[in-house]
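In: Okay, here's the prediction I keep looking at, along with the sequence it came from:
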Amino acid sequence: MKNLKIIMPIVVCLMLICISVAQAKKPGGNKKFKSSVLPILQAKCFVCHGEDVQEADVRLDNLSTDFLADRGAATAWHEAMHVLNKGEMPPEDGEPLTSKERSILVHWIRGEIDRVKAELKSTGGRVVLRRLNREEYQNTMRDLFDLEMDYARDLPREGASPDGFKNNGQSLQMTAIQLEYYLDAARRALDRVIVTGDAPEVFEHTFEKSNVGDKWFNYEVSNYLGRWQGFYGKMVDTYPEEGDYLVTVTAHADIPKDRGAPLMEVSVGYRPDTEQIWKVTETIEITKPESTTYEFTGRVENHPLPVRGQGKFPGLVVRVLNQYDDGAGKPKEVQLDRDGKKKKGYPAEDGYPVIHIEKVTFKGPVFDQWPPKRHREILFESDMRQFDEQGYVALVLERFLKRAFRRPATKDEIQRFVDFYLSIRADFPSFEEAMKETLAMALISPPFLYLVEPAQDKKRDLSDWELASRLSYFLWSTMPDQALLDLAESGQLTRPTVLAEQVQRMLQDDRGWRFYQQFTDQWLKLENTAQIAIDTGTYQGFQADLKEEMLQETRHFLRHLILNDLSALNMLDADFTMLNERLARHYGVEGVIGNAYRQVAMTEEIRGGLLGQSSVLMLGSTGKDSHPIRRAVWLRDRLLNDPPAPPPPDVPDLDETNPDFAKLTIREQLEVHRNKESCASCHRGIDPWGIALENFDAIGLFRTEVHEKPVVAIDTLPNGTELDGVVSLKKYLVENRSEDFARAFVSRLAVYALGRNLELSDEDLIDDLTKEFTRDDYHIMALIQNLVASDAFLTK
Amino acid sequence: MKSWHLDRRTFLLGSGVSMALPYLEAMGEQAVAADLPARMCAMYFPFGISLPKEGSDLHKWRWFPDGEGKEFTFNESLKSLESVRKSVTVIGGMSHPNGRRMGGHDTGDTFLTGALFDKKLLHNTVSVDQVAANAIGSQTRFSSLTMSTDGGVGEPTRSSTLSYDDKGRPVPALNQPEMIFNRMFGSADADLQRNHRRLRSASSMLDLVLEDSNSLRRRLGRRDQEKLDEYLSSVRQIEQRVKNTQKWLDIPLPSLTDEERDVLKLDADTEAPKEYMRTMYDLMWLAFKTDSTRVATYQIASMADASSVAGPFPFREGFKANLHSLAHGWNKPEGAVALGEWDKFMVEQLTYFLARLQATQEGDGTLLDRTMVLYGSSNSTTHNNSNYPLVFAGGNKLGLRHNQYLRVSNDVPMSNLFVTMLNKMGVNTPSFNDSTGELLGVQV
């Protein structure tokens, strides 16, 4: 090393010449590199990695800075970043880097790498041939056949795009196994829809009393359904194994004013042995006290079915329960007199909602005529089938393909399907069997599985048919309905007023719920709450199914804002939220009775807005305690579209070996963190956002103490703003970051609507939409209408 | 709960599995001892193991054994391996050099590939199991069996599969025991006639779809074409599979013995991790035993902690944290013990599998003697991509040497082990990814 120092001045001179040559090669140059990065490299790195000396064979002075053109150079810079991060360079006997210098170097390299990645992934601001995702496939198949079935059962789960969305054309892959499952699902569905042979036997049962033993596990068998009581009708041999069924329940009810309505849950299932397996048909709220008949429908094969001739408790069972639950826990069992017999059971409880069962019937399979409607929708009745089978097949295909492909099929396409039918017909025992295969082929073809918008390298306007699909998958996650198809057919859908009307109609329609659910869950990453195991030691009595209610609050909240034309800023702070009885009980809010979600005014300032919702707070937790960093990163990423950089790969661990460390509160641990130089630079900009929410525990309840110490929720943002708790955080967001939030919301909504990442070329779109959005008092409906009327949405 | 399993199992086996022909007859000369097949499988877990300071109070919770070479003693976590010690090598100090240049949570995808992710911009390369599957896969009904707890492919750097095809594309993993069983033993569809018909029509269906899609392709822009190519290559793969299956249709399915049937708990789910993991191991054992495949992978958990089904596994087994949090405790006083207990639990499941293979006679030895089993993680301690904890077991009759703690230096890439494994599989391979030779330490 010693002699190195002597020759250093010469090296530096030579090196400068080299650099100027290297830089000249690069078009446009790079101001930032020259002004801030190069001087540091010259002063600290080139000595050992320059023209004369190349320690470890590494030479930086003539290394290209064009990461895109020179992949080898990019790899070498990446390696350099790695050793800088680890602190391996410069070596101990070299000239040390200040932390600022180190950070300049690392940020420059990281930035260039990210730029190259973005460049390579660029789709030129156009959506890429987009496959239906799991949810969309399930809905589309269901709507196409009007048949409830678990079509997506075997399909692998989909990973989200870098933005967190699951409808990104580039991220959605296709694999052979997946395609096999599509074929399998199509065949399974068609086997149910297209029937052969005579009408099956119809089974009908009427139960006026339960016909099983006196107690099935926790539920006491009775016609009087208070809490923990159930009515059971068992069919030992005479029940169908496939087809639609109808269950009717005739009942009257006691509905006490202060407790609300009983919940009637109808399920079908059976008891293999010491377990019971059920699938719920439907749960409804009983709001009429007088005797009424309620109808429930489903498909038998979607329920758990006993194996005939086996099992200790043979037979299929219909069960009716009163699922009313006020959180009070199970009543005490007592000795009761039932029909003159002494039995243990649950007592009648005064003042509780009760369902009095008068009669339960089961009928299945039910159909209007044979073959059923679903079958006739596809294989419609016509004399043609007798005298011109080929012509009939062509007509069937023309009709079916128009719905499956979401546009009219060409003559050519229809002919190819007919040819396929003819080629396999002889091998199949019946017309129907061969038809099923032919129809199945449509369901593994690209025009069904993908949103196909053929276009060359030039952008073009969408056709009305393509627009109908984009709109429908955006707002309904399914195929267009007849109204949309009719508008497409008559060429009216592209008219601005029609388009705006359709958006409104679709968001008001029941299917609009899919938007509220899918977009909310993906945007806010609520799906991840499923993997957070709430520690029941800490939160005693926490029921896992409450999580779903927590998510419902947030979905209903967005829906309420949209359908009532309220400002999107309510998401940052609001004086109300959406609750039902169960969730209100969780929050300790009184006077909310019944299962339905409704607007509830919030008297406490801490609650309104997303940051007071337990879904979001639980997401930012470990299941045992709050996780301020997770909350902070989520807030910056999801609400402000300003995600902090991911932690570098080589950050050193904290000295957590100190046994005292574990005893610190999270807040105190974070302070230790931030006293460490390598952590501080990033965490200063992260921690305060999460610290402000420290008054909320892992299940979103307010607390003033943690680990028997008072909660400290004060911290200071890098810009000097002090945040003291959730109220001050919300105030800061509303007053200072509304526009950032608006832009973030617009961007994320656009990503979801377009099914692709945003790129630089989308800046204008986002600018314009955001401007309009803020000017228009943050009305989301109008924003969505503007978005679907934009060039980006209307072109391919 | 118990007898419900029985009902269900009887039903499954009763309806579809062909039991007409005994195994030997069905498989013909393949079962003759002289050319008994070689097999391999690999299991993975994320975030690393407990590794408190040597000589500290917590020393016994160090995952790696004490000593070196033949002279070694297991610490607590690996103690259960004592019973199969003669077929086990613990490897220390080994890792993928490329992995050491990647993020601490990003190396799960490359455990069996050794790829450098960043350079190729999140494109992986082929995994060792798929190299073997491509070479010898057609000799069995299934070229390979890919399993994971999460199923599917997941997302890059947090993939839920260990296997990557020759294009570096993830091979989707199966995660439901019943589905895996049905795929292997075909009890899903009892109507053989109809299967034959549908197989035939699938053949011409796929031809036609391919033709149509090719004409569609011409009308698309470049990016769309790339996307459609995924589809086209999937169609071609199925065509290939359809052809293979047609061939196998004429050979009856292997029949199962009572013992084989009794161990299977096909309704095991991730709510009960131990039973689930054992069932997955059982399925592998059964697949090997019936020679349905000779290559298998099983990702027990992935790096996608927050969104992974296996993340809360420790919770469900009575631990107080999920996998990731547990792993972070590796050098903390209480954390090291908790993580050590978890490591121990995991290894006990592995031992269960090894013992099962060893208890199954095959030709002149046991199933384990001709099955290479690799078990490990791409983190030693959390975020640390070097010194992978690795158990390499089985294959004694394939020319492998065991009963040792093999410590290698940093410059021996893990790919060297893969080269050795492939060669023992009979796949002649001079190199794999960044290998520099074979791993001599495990060879006789």
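Out: Cool, the structure landed.

In: from here on, contacts and neighbour counts on C-alpha atoms
Out: Fine.

In: what are the bridge partners for the residue nearest to B:Ala359 when sequence neighbours are not counted, then?
Out: In this structure, B:Ala359 finds its nearest non-sequential neighbour in B:Thr366, 6.8 Å apart by C-alpha to C-alpha, 6 or more residues apart in numbering or on different chains. Listed beta-bridge partners, B:Thr366: B:Gln361 (assigned using DSSP bridges).

In: which residues touch A:Gln517?
Out: Counting by C-alpha atoms under 8 Å, 6 or more residues apart in numbering or on different chains, A:Gln517 touches A:Arg555.

In: all strands for the stretch 201-350 of chain B, in order.
Out: Per DSSP state E, counting those that start in this stretch, the stretch 201-350 of chain B carries strands over the ranges B:295-299.

In: ok, back up a step: would you mind giving me the confidence score for the residue nearest to B:Ala359?
Out: B:Thr366 is assigned 95 on the pLDDT scale.

In: What distance do you get for the residue positioned nearest the centre of chain B to B:Tyr281?
Out: Centrality entry for chain B: nearest residue to the mean C-alpha point is B:Thr297, 1.4 Å, by C-alpha atoms, centre = their mean. Counting by C-alpha to C-alpha, to the nearest Å, the gap from B:Thr297 to B:Tyr281 is 10 Å.

In: looking at it, the residue nearest to B:Ala359 is touching B:Leu357, isn't it?
Out: Yes - B:Thr366 is within contact range of B:Leu357, at 6.9 Å (criterion: C-alpha atoms under 8 Å).

In: So if I had to pick from those two, which one is more boxed in?
Out: Set side by side, B:Thr366 and B:Leu357 show more neighbours around B:Leu357, with 24 against 19, by other C-alpha atoms under 10 Å in any protein chain shown.

In: In terms of helices and strands, where is the more buried one?
Out: Using DSSP states H and E, B:Leu357 maps to helix B:333-359.

In: May I see the buried residues of that helix?
Out: B:333, B:335-358 (16 or more other C-alpha atoms under 10 Å in any protein chain shown).

In: Low-confidence regions, the chain specifically.
Out: Going with chain A. A:1-29, A:120-124, A:214-217, A:272-275, A:307-312, A:338-339, A:648-663, A:677-678 (pLDDT under 70).

In: Wait, chain B was what I had in mind.
Out: B:1-34, B:118-122, B:155-156, B:186-192, B:244-245, B:248-252, B:305-307.

In: per-domain residue ranges of it.
Out: Split into domains by automatic domain parsing, chain B comes to B:25-168+B:253-442, B:187-252.

In: Would you tell me which one of those domains is buried the most?
Out: Burial of these is given as mean neighbour count (mean count of other C-alpha atoms under 10 Å in any protein chain shown); domain B:25-168+B:253-442 ranks first at a mean of 21.

In: to the chain's geometric centre, what's the distance from that domain?
Out: With C-alpha atoms, centre = their mean, to the nearest Å as the basis, domain B:25-168+B:253-442 stands 7 Å off its chain's centre.

In: from memory A:Asp457 sits against B:Asp224, does it?
Out: No - here A:Asp457 does not reach B:Asp224: they are 10.2 Å apart, not a contact under C-alpha under 8 Å.

In: Show residues contacting stretch B:350-370.
Out: Against stretch B:350-370 from outside (C-alpha under 8 Å, 6+ apart): B:32-33, B:36-39, B:80-81, B:83-84, B:87, B:278, B:281-282, B:285, B:289, B:394-398.

In: Strands - which of those residues land there?
Out: By the criterion of DSSP state E, membership of those in strands covers B:Arg39.

In: Tell me which of the contacts of stretch B:350-370 fall in helices.
Out: Judged by DSSP state H, those include B:Arg278, B:Tyr281, B:Asp282, B:Trp285, B:Lys289 as members of helices.

In: where do the helices sit along the stretch 251-400 of chain A?
Out: When secondary structure is read from DSSP state H, counting those that start in this stretch, the stretch 251-400 of chain A shows helices at A:373-378, A:384-387, A:389-404.
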